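Chemist: sequence plus the predicted model coming up.
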Amino acid sequence: MRIATRLPGERTLAAEDADKIAHIRGSLIEIGNEWRARHPWLTAHQDQVGLGVFLIAIAGVLGDGYLYAIGVLPWWATILVTAFWLSILHELEHDLIHSMYFRNNRVLHNVMMFGVWFFRPSTINPWVRRRLHLHHHEVSGTDSDLEERAITNGEGWGAHRTVSLLDSFLGMYTKPMRTHRIVSDYIEHEARTPEEVKHLRAINVLSYFPLGLFHYGLWHLVIGLSAYHLFVGPTQLPGEGVLYFLAVAILAPNMIRTFCLHFVSSNMHYYGDIQAHNVLQQTQVWTAKWLKPFHALCFNFGETHAIHHFLVRDPFYVRELIKNDCQKVLRDNGVRFNDFGTFRRANRFGLVNTSMEP
């Protein structure tokens with residue numbers, strides 16, 4: 001069995017944990033290598049596979065919108081099926097952030113980066129997210145992990161966390177001091193010079209510009225119009241038909257997909273009382289059957305993301321295909337499964353008593 005090399009940060013861990021992490025990583029590498037040996041064409045054409053999946057998912061989104069427009073798909077089916085295609089685009093974005101497709105062709109790489117953002121305008125700029133996500137891997141579960149804390153990881157359950165999962169913009173603006181604090185924690189850790197502090201503040205302020213502002217502006221207009229009709233009655237306003245078409249074809253699918261992803265991700269990651277760089281404590285694995293509806297709209301994120309924390313190299317479809325063998329390795333080596341006590345612990349790992357973020 002191959003034992004993987006320890007990453008630099010893991011050299012500060014207790015020998016038992018560091019050895020266990022290296023053993024898990026080595027096992028996952030071996031599982032992936034065996035799969036690649038059986039399917040060499042997928043490995044040899046990883047760029048083309050990624051591009052093919054990208055085009056199929058976009059065709060799915062556009063096709064759903066067309067079928068809804070001509071009356072073939074009902075509104076609820078359009079929202080759910082489109083959310084599924086968008087969940088695939090999210091996985092592609094994540095792979096692109098790790099430069100898994102067209103690493104040596106920046107034009108095609110950036111075309112794909114823009115495409116996954118354009119059809120998922122509820123998300124931040126993916127070029128901004130790249131730095132946040134790579135930082136997340138370095139500091140997962142600690143105060144400067146802006147990517148996870150921004151989607152409510154570490155926050156106690158209550159009205160604000162619920163609202164934030166349903167609508168990221170409302171979450172930011174209904175608790176602005178929390179938003180300021182978690183951004184400041186990230187910048188304090190990440191910035192090396194005063195100029196970099198200014199740069200990071202600027203790009204974080206503009207991270208939703210322009211697509212996110214457009215998306216949430218239209219979505220809040222849809223909510224406002226719906227409330228207006230509820231109290232005043234059905235009156236057709238100019239442009240309302242186009243607005244409600246966009247709501248079904250792209251706005252609502254993005255909202256429900258984002259909710260499912262953020263609910264799963266923010267609760268399967270631990271926060272606040274874990275040891276820096278200790279991958280054993282960063283995530284758990286969710287396999288419970290009641291999670292299937294959530295996983296259907298975030299591409300099984302809770303079952304496969306822990307694999308990615310131990311070993312970054314595999315694209316999302318490989319992780320999905322080898323997940324059963326990988327999950328056995330994780331379970332046998334002490335990674336937690338279905339630890340739903342995290343809901344009442346505000347995502348604390350539970351090793352020691354720590355204060356919980358309100």
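Modeler: That came through fine.

Chemist: the stretch 51-200 of the chain: helices as residue ranges?
Modeler: Per DSSP state H, counting those that start in this stretch, the stretch 51-200 of the chain carries helices over the ranges 75-97, 106-118, 126-139, 146-149, 159-166, 168-174, 176-190, 194-205.

Chemist: and residue 325, which of these is closest to it?
Modeler: Evaluated over the helices of the stretch 51-200 of the chain, closeness to residue 325 peaks at helix 75-97, with 19.7 Å, by CB to CB. Backbone N, C-alpha and C define where each C-beta goes, glycine included.

Chemist: could you give the angle of that closest one to helix 126-139?
Modeler: 70 degrees (axes from the mean of the first three to the mean of the last three CA atoms, to 10 degrees).

Chemist: hey, what's the angle from helix 75-97 to helix 106-118? Just curious.
Modeler: Helix 75-97 and helix 106-118 meet at an angle of 150 degrees, taking the same axes, to 10 degrees as the criterion.

Chemist: just the CA atoms of helix 75-97, as PDB, please.
Modeler: Only the C-alpha atoms of helix 75-97 are listed here, as PDB (Å, rounded to 0.1, in the frame of the first residue of the first chain):
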ATOM      1  CA  TRP A  75     -43.000  25.200 -13.900                       C
ATOM      2  CA  TRP A  76     -42.000  22.900 -11.000                       C
ATOM      3  CA  ALA A  77     -40.300  20.300 -13.200                       C
ATOM      4  CA  THR A  78     -38.400  23.100 -15.000                       C
ATOM      5  CA  ILE A  79     -37.100  24.400 -11.700                       C
ATOM      6  CA  LEU A  80     -36.000  21.000 -10.400                       C
ATOM      7  CA  VAL A  81     -34.400  19.600 -13.600                       C
ATOM      8  CA  THR A  82     -32.700  22.900 -14.300                       C
ATOM      9  CA  ALA A  83     -31.300  23.000 -10.700                       C
ATOM     10  CA  PHE A  84     -29.800  19.500 -11.400                       C
ATOM     11  CA  TRP A  85     -27.900  20.800 -14.500                       C
ATOM     12  CA  LEU A  86     -26.800  23.900 -12.500                       C
ATOM     13  CA  SER A  87     -25.400  21.600  -9.800                       C
ATOM     14  CA  ILE A  88     -23.200  20.000 -12.500                       C
ATOM     15  CA  LEU A  89     -22.000  23.400 -13.600                       C
ATOM     16  CA  HIS A  90     -21.000  24.100  -9.900                       C
ATOM     17  CA  GLU A  91     -18.900  20.900  -9.900                       C
ATOM     18  CA  LEU A  92     -17.200  22.000 -13.100                       C
ATOM     19  CA  GLU A  93     -16.500  25.400 -11.600                       C
ATOM     20  CA  HIS A  94     -14.900  23.700  -8.600                       C
ATOM     21  CA  ASP A  95     -12.700  21.600 -10.900                       C
ATOM     22  CA  LEU A  96     -11.800  24.700 -12.900                       C
ATOM     23  CA  ILE A  97     -10.800  26.500  -9.800                       C
END
